[in-house]
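Trainee: Sequence unavailable; structure follows:
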């Protein structure tokens, strides 16, 4: 914890107030106060990356939660081979990111990919990773695909802990399936939903692996999220002080967004 969490965190905070080009070595570190943060406020590239990150988070996280909930409810039924299905749906969450990236590159190949062969029947031929309009939606599809199985298993665990006597009482009263979900199932799943929203928001805002592997922020800057922009600034342009400031601002922003989500959902749970 000290070596890989505490020391790097302190280093980022300190370096955020410096002007340091990695090429110049440790002797080139000079403190510049809040100049980096002033530059961030005026940096159009930073705000573009923030906007893309927000789109990525706002679209992928709700889709992952909703589809994960639906899949969890389906897997909670007495289906044949249910244990095998659970393992299959969870598999994308633990598969190596390189294997995932290579698989989706083949599936979404504009000319020979299976996805476009299916979409061609409907007159659609998206360029996916070669198109500035489709690259980010393609990454969102991959993120949702990779996270749905994880969410479904977390929801499945919560569903199996739901109070059975309430469902039995609802059956006696003749409640519909929707009424039982709205009154019994959903309130019991709110703590789980809060946990998933918080963890998925943090994970999505830090998304880097697939972007670095498949698009490298492109085409152009169509997929340059804040995590990749920070990587470019630090490891391609060697501006470690400025990259640290971006990291610190991002950390604070994600923390605030996470706390707001947690408080909003927690307040709703208490009201229910």
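Mentor: Yep, that arrived. None of the values given here were measured: they were computed from a predicted structure.
Trainee: tell me which element residue 220 falls in.
Mentor: Per DSSP states H and E, residue 220 falls between elements, in no helix or strand.
Trainee: how far away is it from residue 173?
Mentor: 59 Å (Cβ to Cβ, to the nearest Å). Yep, even glycine has a C-beta here, placed from its N, CA and C like the rest.
Trainee: likewise residue 207?
Mentor: Residue 207 is 45 Å from residue 173, by Cβ to Cβ.
Trainee: cool, and residue 195?
Mentor: 31 Å.
Trainee: With residue 3 instead?
Mentor: Applying Cβ to Cβ to residue 3 and residue 173 gives a distance of 58 Å.
Trainee: So residue 91 sits against residue 149, correct?
Mentor: Yes: counting by Cβ atoms under 8 Å, residue 149 is a contact partner of residue 91 at 6.8 Å.
Trainee: more neighbours, these two?
Mentor: residue 149 (25 against 11; other Cβ atoms under 10 Å).
Trainee: how many other residues sit next to the closest residue to that one other than its chain neighbours?
Mentor: Ranked by Cβ to Cβ, 6 or more residues apart in numbering and with sequence neighbours excluded, the top spatial neighbour of residue 149 is residue 89, at 3.8 Å. Counted with other Cβ under 10 Å, residues neighbouring residue 89 total 21.
Trainee: can you check residue 2 too?
Mentor: By other Cβ under 10 Å, neighbour count at residue 2 equals 6.
Trainee: picking that back up, please say which of residue 207 and residue 173 ends up with more neighbours.
Mentor: residue 207 (22 against 9).
Trainee: how far away is the more buried one from residue 147?
Mentor: Residue 207 is 11 Å from residue 147, by Cβ to Cβ.
Trainee: Check the model's average confidence along the helix or strand that residue 157 is a member of for me.
Mentor: Assessed by DSSP H and E, residue 157 sits inside helix 135-160. Mean per-residue pLDDT for helix 135-160: 93.
Trainee: What residues of it count as buried?
Mentor: Neighbour-count burial for helix 135-160 flags 135-136, 138-144, 146-156, 158-159 (criterion: 16 or more other Cβ atoms under 10 Å).
Trainee: re the thing from before, got the contact list for the residue nearest to residue 149?
Mentor: 71, 75, 148, 149, 152, 153 (Cβ atoms under 8 Å, 6 or more residues apart in numbering).
Trainee: Would you agree the fifth one is in contact with residue 72?
Mentor: The reference is to residue 152. Yes: Residue 152 is within contact range of residue 72, at 4.2 Å (criterion: Cβ under 8 Å).
Trainee: How much space separates residue 143 from residue 54?
Mentor: 14 Å.
Trainee: before we move on, what about residue 60?
Mentor: 11 Å.
Trainee: same question, residue 81
Mentor: Taken as Cβ to Cβ, the span from residue 81 to residue 54 is 40 Å.
Trainee: With neighbour numbers in mind, choose between those two.
Mentor: Neighbour totals were compared for residue 81 and residue 54, and residue 54 leads with 16 against 9 (other Cβ under 10 Å).
Trainee: Provide a list of residues in contact with the residue lying closest to residue 82 once chain neighbours are set aside.
Mentor: Of all residues not flanking residue 82 in the chain, residue 75 sits nearest, at 6.1 Å (Cβ to Cβ, 6+ apart). Counting by Cβ under 8 Å, 6+ apart, residue 75 touches 82, 85, 86, 89, 152, 156.
Trainee: Just the pLDDT at the fourth one, thanks.
Mentor: Predicted confidence (pLDDT) for residue 89: 90.
Trainee: The stretch 151-272 of the chain: helices as residue ranges?
Mentor: Here the stretch 151-272 of the chain has its helices, by DSSP state H, counting those that start in this stretch, at 164-172, 177-180, 186-205, 209-210, 226-231, 240-271.
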